[in-house]
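>>> Output the structure for:
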Amino acid sequence: MAFEEPNIERKTFSILQVLANTSKPLGSIVIARELKDLGVDLGERAVRYHLRLTDEQGLTRLAGRRDGREITELGLKELKQGMVKEKIGLSISRIELLAFMTTFDIDKRAGLVPANVTFIRKQDFARALQIMKPVFAAKLAASNLVLKAREGEKIGDLTVPHGRIGLATVCSVLLNGTLLKAGVPMNSRFGGLLQMRDRKPWRFVDLIHYSGCSLDPSEVFIKAKMTSVTHAVKTGNGSVLANFREIPAMCRPIAQEVISKLETVGLNAALLLGGVSESVCETPMELNRVGLVLIGGLNPIAAVQEAGIDVDFHAMSTVIDYQKLAPFTELLQGG
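Prediction:
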């Protein structure tokens, strides 16, 4: 079964998730509230509209005389399958979309930048900041700039759930966007675990190609507990999140100039720019191509997860105004 309009699929999937997580029928008001706690901003009227669609599709049914709905066996099956059609090619498509949506102007220091969004429980937030502090200090994040939001506030398209604090970190797709605006075509090849040795990038020890993964590879590695970001910060040796791109050799001077300018405004996503046709972090390059290693924007969040703090993170989730970002050190001072 497939829905005709992609946006409806995503919203419907969230509604089915809410209904699957309860043993009793729920009305549109309660569903809308539950969706908001999940970071999905959908009003009561919109929920009723989507419920009519799911009723017609046989995914939900009316229970009782009021508007309470429950999920059907078919709905559970559809939920389990995870909307396969919706997921195909999502990762690479999301990179391309966010790159296009990036409008950041280096000279004006204004515009939209891509971001990852993480929701952290209020009671864990202070401790999480202390865990992230050395990661930002070691420049193992795409930027030292972040955005904090309180419950009920929005970060891009996401609403901070009740009892949580939202934290946006700059996504490395920033390089895709700024280089695209500079006329540099970029091939996004894979996301992986980059082994650091003596505090220097050494080699990729695991990788996932974007074209074959519906999730951002960073999400996969974090959830699988495969990172050792904190160890890399403390000892100089460990596995951190990184991404691999390649550009035409003739574009290398332009890329170098853009990277240097970005660093002056606190955006240091580029970890390593290779030479023409030279291997980068033991990744071979074709003739007249240049490899580019980008540091993962979710490394600070990976460190928090390594410490046993459960967080809800959304990689490559939205774009935010650069001028709303503030240095992480200010966040520490402000609590």
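
>>> Confirm Arg245 sits in a helix?
No. Arg245 is assigned strand when assessed by DSSP: H, G, I helix; E, B strand; the rest coil, not a helix.

>>> That one reaches Leu292, doesn't it?
Yes. Using Cβ atoms under 8 Å, Arg245 makes contact with Leu292 at a distance of 4.4 Å. Just so you know, the C-beta spots here come from the backbone N, C-alpha and C atoms, and that holds for glycine as well.

>>> got any residues that touch both of these two?
Shared contacts of Arg245 and Leu292, defined by Cβ atoms under 8 Å, 6 or more residues apart in numbering, comprise 175, 186.

>>> Buried residues of stretch 261-268, list them for me.
262, 266-268 (16 or more other Cβ atoms under 10 Å).

>>> Looking at the residues you listed, spot the one nearest Leu145.
Using Cβ to Cβ, Gly266 is the member of those that lies nearest Leu145, at 5.0 Å.

>>> That closest one: what's it in contact with?
For Gly266, the contact set (Cβ under 8 Å, 6+ apart) comprises 143-145, 325, 327.

>>> hang on, the earlier thing: so which of the buried residues of stretch 261-268 are in helices?
Among the buried residues of stretch 261-268, the members falling in helices (DSSP state H) are Leu262.

>>> Just flag the most distant two among the buried residues of stretch 261-268.
That would be Leu262 and Gly266, which, of those, are the farthest apart (Cβ to Cβ) at 8.4 Å.

>>> circling back: from the contacts of Gly266, which land in strands?
With strands taken from DSSP state E, the overlap with the contacts of Gly266 comprises 145, 327.

>>> With pLDDT, distance to Thr235 and neighbour count as added columns, please give the contacts of Gly266 in JSON lines.
Converted to JSON lines, those look like this (pLDDT from 0 to 100; distance: Cβ to Cβ, whole Å; neighbours: other Cβ atoms under 10 Å):
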{"residue": "Ser143", "pLDDT": "96", "distance to Thr235": "24", "neighbour count": "27"}
{"residue": "Asn144", "pLDDT": "96", "distance to Thr235": "22", "neighbour count": "19"}
{"residue": "Leu145", "pLDDT": "97", "distance to Thr235": "27", "neighbour count": "24"}
{"residue": "Leu325", "pLDDT": "96", "distance to Thr235": "30", "neighbour count": "22"}
{"residue": "Pro327", "pLDDT": "95", "distance to Thr235": "26", "neighbour count": "14"}
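
>>> Name the nearest of the contacts of Gly266 relative to Ala307.
After measuring these against Ala307 - Cβ to Cβ - the closest member comes out as Asn144, at 20.2 Å.

>>> Touching, that closest one and Pro327? I think so.
Yes. Using Cβ under 8 Å, Asn144 is in contact with Pro327, at 5.6 Å.
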